[in-house]
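sharing a model that was predicted from the sequence below.
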Amino acid sequence: MSQNIFSHDKIKEMQLLELKRQFLEYIEIEKGRSINTVSNYDHYLTVFFEQTKLTDPKDITNEKVRDFRIWLNRQSAGNNRATGETMKKKTQNYYLIALRTFLKFLTKRGVTSLQADQIELAKVGERSIDVISKEELVRLLKAPDSEENPERRARGHAILELLFSTGLRVSELCSLTNDLDIKQDEFSIRGKGGKVRVVFLSPEAKFAVKEYLLLRKDMSDALFAKIGDEGVIPKGFTKGKIVNSKEIGLTRRSIERIVKRYAIMAGITKKVTPHVIRHCLHPDTLVFVPHSVLSAEDLLKSKTKKIISVDLSKLKDEFTSIKSKGKHFSEDIINIWAGGYEISVSPEHRFFTLSKNGISEIYAKDIKNGDYVVGIKKVLLKNLKNKNKVEPNLWRYIGYILGDGTISDRRRGVIIADKNINFLKHYQVLIKDIFNYEAKIHVSNHSKSFTLNHYSLSFVKKLREMGISGKAVTRRIPKQVFGANQEEIKSLIAGIYDAEGNEGTGGIKFFSASKMFLKDIQMLLLILGIDAHLYKRDRKIKLPNTNKIINHTIFTLQILHKPDQIIFQKEIKTLKKLSIEEVFEGEKIPIREMLHDIYNNMNNKWHNFARLLKKSKGIDIYRYVGKTTNIIPNKETLSTVVKYMESAGVKDIRIKLMKKIVSSKTIKWLKVRKVEKYKYNNEVYDFSVEKNENLITDGFLSHNCFATDLLSNGADIRSVQEMLGHANIATTQIYTHVTDKHLRDVHKKFHRTDR
């Protein structure tokens, strides 16, 4: 028998190294990670093993990891070596992420070791980048004009315009070849992890690349080649060989230097990198038009000339025309929460309030907590013939998927879950009726619930085409729903409520991690004449099977008042049992200031009227005009007050307005609960409306004169994530708050040709 020349510890070490090798192959082949990612994970794990001197997976303990973290935290690295500063927390987290992923791999393979979820990442401060303004961007794009060399000038324009137009990473830009088809408006690029995405070319980018290619005389395959002495490679690289510049494409570092140089030439003092140019993006909001609800960006682009506004003399909504569209720059944004609705606007944006003289304008910058602004009760859309009409039952099924479904491209199907098997049986019948498919119900392996599995690749593709993803925090209602008829809208909402609505006591509530998803539902409910209130709640939750506590934001959309609850119960045929409030104080009308002014003008006549009102109806009118109280009358009380004023012979033109306010089925009054101001430095939208000079925006009534400086601070970030090729939506959130839903529209609207 031959003697084993390796010690027991050496054998264990070899086993650990073999596990690491298998892990690296796993993330490359099965997980599809890039070679760079695999190489980085190899480095991080090697450092961990060498520093801890571990030889057995069982020896990876919390204590060993803690010792390693202390060692990491005391290391200097990179540019910090000269100053003595230690390794950044973000860099330390790279090591921990690699280790956690490795431990998860060991668990899957049945190897005993530390559980991955016991390793928490170091807290890192919010990431920030320098964002250049529109004016600085224009100067940067013009900077190559000062180049004397025509080819260098053309190359500079092509690089900057292409970066701005496509949002490409520098490495992706370097990988482009000179056979790029610039006749098309788009092309595909393979980014991180081998993922392919579509990027879009602006007319300026296409022109700049074409001009650059016409001036080139080299034979390099690269789209961007070095010029002159840029192609000289120092000794020590290719054995001192001098390589012709025409054979060399620009490197990542070369492009970074070029962008930096042009930023200096443009007089921009901020740190400008290709990454900064890549994240110049644009906002979006919701505006009511006769047949649908459009984002402000979509409205600016569309050929739509009609819009819904309110005739303030009659307090009724009607269709009118848009006189002009435009956009302008705003340094600040004001976010307003009022009466359960939310909107973000520029400080100069104007709303409508109720003063002593009647309905008047108020600037957003002047609005305070406790003020009232005009909102909308119900929006009557035109019933157009919907060419893309969808069966109501299909909308209901899609609604459930939006609420709590899983769309699996890998499994080529949809999975919905519920603790109530009868709910799933209901949708099992719907699927059979719609698709002639026998969906199966299974007992869930992970919770006390059931799942309904529907396998259909064509349906999955259709859902993706509608913009439906599985990400809860970025979920939105498909745009085509806003052009649907009321029956289709009711069915969709019923499906959503079946999945995510409250049942039993506690009122009628929708729950979601996506604010914009609930705002979409809120606008759909307005079409049905149902008032819903949006609330935000920050809370701490404990993760299942761990002791880890995380911060979590949840949004609630609540049907708060009894009349709206009754309409909801009648119109939305949900499977869940609904509870109706027994008490309803009535709709409040902020009429105190006007009543107080009338009181001052009536002198003794007021007292006679007040005595009659209290004796006949038990209403103490002094409660609503006194300076020591802030009581607001409801609509029923105000209606009675107005009638008794008229019977008492009170002569005041404002009584007529009060009667209109009481009888209006169009407007309501939103009490301001929160006003927040933010720095913005970007463009906002303007629409000028004929006749009524107002329009309906996010449930508020807005004045039109440079009024729709509209911004929605959470819109559909998932599309920007896709456009930029980010793996994690949190990465996208670092750079932008809101964008448009359709990538092509996002691009064309922002990269316009009027600069």
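All right, it came through fine.

residue 686 contacts residue 329, correct?
No - counting by C-beta atoms under 8 Å, residue 686 stays clear of residue 329, with 11.2 Å between them. From N, CA and C alone the C-beta is placed, and that goes for glycine too.

more neighbours, the two?
When residue 686 and residue 329 are compared for neighbours, residue 686 comes out ahead with 21 against 13, by other C-beta atoms under 10 Å.

where in the protein is the helix or strand with the lowest mean pLDDT?
Here the helix or strand of the chain ranked lowest by mean pLDDT, DSSP states H and E is strand 710-711, holding a mean of 31.

which residues touch residue 501?
Residues in contact with residue 501 (C-beta atoms under 8 Å, 6 or more residues apart in numbering) are 403, 508-511, 574, 576.

separation between it and residue 493?
Computed as C-beta to C-beta, to the nearest Å, the residue 501 to residue 493 distance reads 9 Å.

and what of residue 266?
Per C-beta to C-beta, residue 266 is found 51 Å from residue 493.

who's more crowded, these two?
residue 493 (28 against 19).

how about residue 559: what's its closest non-neighbour residue?
residue 508 (3.9 Å; C-beta to C-beta, 6 or more residues apart in numbering).

go on, residue 103?
residue 116 is the one closest to residue 103 (C-beta to C-beta, 6+ apart), at 4.0 Å.

let's see the pLDDT reported for that neighbour.
With respect to pLDDT, residue 116 scores 87.

now do the one 3 residues further on
As summarised for this prediction, residue 119 has a pLDDT of 89.

and for residue 310?
pLDDT, residue 310: 90.

now swap in the one 5 residues further on and tell me
Looking at residue 315, its pLDDT reads 88.

distance-wise, check the residue lying closest to it once chain neighbours are set aside relative to residue 374.
Among residues not flanking residue 315 along the chain, residue 664 sits closest, at 3.9 Å (C-beta to C-beta, 6+ apart). Using C-beta to C-beta, we find residue 664 at a distance of 10 Å from residue 374.

between the two, which has more neighbouring residues?
Counted by other C-beta under 10 Å, residue 664 and residue 374 do not tie: residue 374 has more neighbours, with 23 against 16.

now the more buried one, what's its secondary structure?
strand (DSSP: H, G, I helix; E, B strand; the rest coil).

quick one: contacts for it?
Taking C-beta under 8 Å, 6+ apart, one finds 310, 351-354, 359, 667-670, 700-701 in contact with residue 374.

in JSON lines: these, plus secondary structure and neighbour count.
Output for these, formatted as JSON lines (DSSP: H, G, I helix; E, B strand; the rest coil; neighbours: other C-beta atoms under 10 Å):
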{"residue": "310", "secondary structure": "strand", "neighbour count": "23"}
{"residue": "351", "secondary structure": "strand", "neighbour count": "28"}
{"residue": "352", "secondary structure": "strand", "neighbour count": "21"}
{"residue": "353", "secondary structure": "strand", "neighbour count": "20"}
{"residue": "354", "secondary structure": "strand", "neighbour count": "22"}
{"residue": "359", "secondary structure": "strand", "neighbour count": "18"}
{"residue": "667", "secondary structure": "strand", "neighbour count": "21"}
{"residue": "668", "secondary structure": "strand", "neighbour count": "22"}
{"residue": "669", "secondary structure": "strand", "neighbour count": "21"}
{"residue": "670", "secondary structure": "strand", "neighbour count": "27"}
{"residue": "700", "secondary structure": "strand", "neighbour count": "24"}
{"residue": "701", "secondary structure": "strand", "neighbour count": "25"}
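
now the residues you listed as JSON lines including distance to residue 612?
JSON lines is the format used below for those (distance: C-beta to C-beta, whole Å):
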{"residue": "310", "distance to residue 612": "35"}
{"residue": "351", "distance to residue 612": "37"}
{"residue": "352", "distance to residue 612": "33"}
{"residue": "353", "distance to residue 612": "31"}
{"residue": "354", "distance to residue 612": "26"}
{"residue": "359", "distance to residue 612": "29"}
{"residue": "667", "distance to residue 612": "30"}
{"residue": "668", "distance to residue 612": "30"}
{"residue": "669", "distance to residue 612": "27"}
{"residue": "670", "distance to residue 612": "33"}
{"residue": "700", "distance to residue 612": "38"}
{"residue": "701", "distance to residue 612": "35"}
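
between the residues you listed, which is closest to residue 429?
residue 668 (39.2 Å; C-beta to C-beta).

across the sheet, point out what pairs with that closest one.
Residue 668 has these beta-bridge partners by DSSP bridges: residue 375.

show me the residues around it that make contact.
Contacts of residue 668 by C-beta under 8 Å, 6+ apart are 339, 374-377, 531, 587.

tell me which helix or strand residue 342 sits in.
In this assignment (DSSP states H and E), residue 342 forms part of strand 341-345.

listing partners with orientation, what would you give for that strand?
Strand 341-345 pairs in its sheet with strand 316-338 (antiparallel), strand 710-711 (antiparallel), by DSSP bridges.

need those strands in CSV with distance to residue 518, can you?
Below are those laid out as CSV (distance: least, C-beta to C-beta, whole Å):
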stretch, distance to residue 518
strand 316-338, 13
strand 710-711, 18
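
for the ones you listed, which has the smallest mean pLDDT value?
Looking at those, the bottom one is strand 710-711 with a mean of 31.

tell me the contacts of residue 177?
Contacts of residue 177 (C-beta under 8 Å, 6+ apart): 221-223.

would JSON lines of the residues you listed with distance to residue 466 be doable?
Shown next, in JSON lines, are those (distance: C-beta to C-beta, whole Å):
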{"residue": "221", "distance to residue 466": "40"}
{"residue": "222", "distance to residue 466": "39"}
{"residue": "223", "distance to residue 466": "35"}
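
just the buried subset of the residues you listed, written out for PyMOL, thanks.
Here is the PyMOL command that selects the buried residues among the contacts of residue 177 (16 or more other C-beta atoms under 10 Å):
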select buried, resi 222+223
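
nearest to residue 624 among the contacts of residue 177?
Nearest member of these to residue 624, counting by C-beta to C-beta, is residue 223, at 72.5 Å.

pLDDT score for that closest one?
Confidence score, pLDDT, at residue 223: 88.

next one: the residue nearest to it when sequence neighbours are not counted from residue 377, what distance?
The spatial neighbour of residue 223 that comes closest, neighbours along the chain excluded (C-beta to C-beta, 6+ apart), is residue 176 at 4.0 Å. Using C-beta to C-beta, residue 176 is found at 54 Å from residue 377.

where does the stretch 101-250 of the chain dip in pLDDT?
124-135, 192-198, 229, 231-247 (pLDDT under 70).

ok, now with 80
123-138, 164-167, 169, 182-188, 190-203, 217-220, 228-248 (pLDDT under 80).

swap in the stretch 351-500 of the chain?
Filtered on pLDDT under 80, the stretch 351-500 of the chain yields the residue ranges 380-390, 444-448, 469-474.

let's see 90
355-365, 378-391, 403-411, 417, 443-449, 464-476, 479-485, 500 (pLDDT under 90).

doesn't residue 638 make contact with residue 589?
Yes - taking C-beta under 8 Å as the definition, residue 589 is a contact partner of residue 638 at 5.1 Å.

quick check: neighbours shared by these two?
661-662.

returning to that earlier point: which of the contacts of residue 177 sits closest to residue 615?
Nearest to residue 615, judged by C-beta to C-beta, of the contacts of residue 177 is residue 223 at 88.1 Å.

my read: that closest one touches residue 182, true?
No - applying C-beta under 8 Å, one finds residue 223 not in contact with residue 182, separated by 10.0 Å.

shared neighbours of these two, anything?
Residues touching both residue 223 and residue 182 (C-beta under 8 Å, 6+ apart) are residue 209.

now residue 670: closest residue in space, sequence neighbours ignored.
Closest residue to residue 670 in three dimensions, ignoring its sequence neighbours and counting by C-beta to C-beta, 6+ apart: residue 339, at 3.0 Å.
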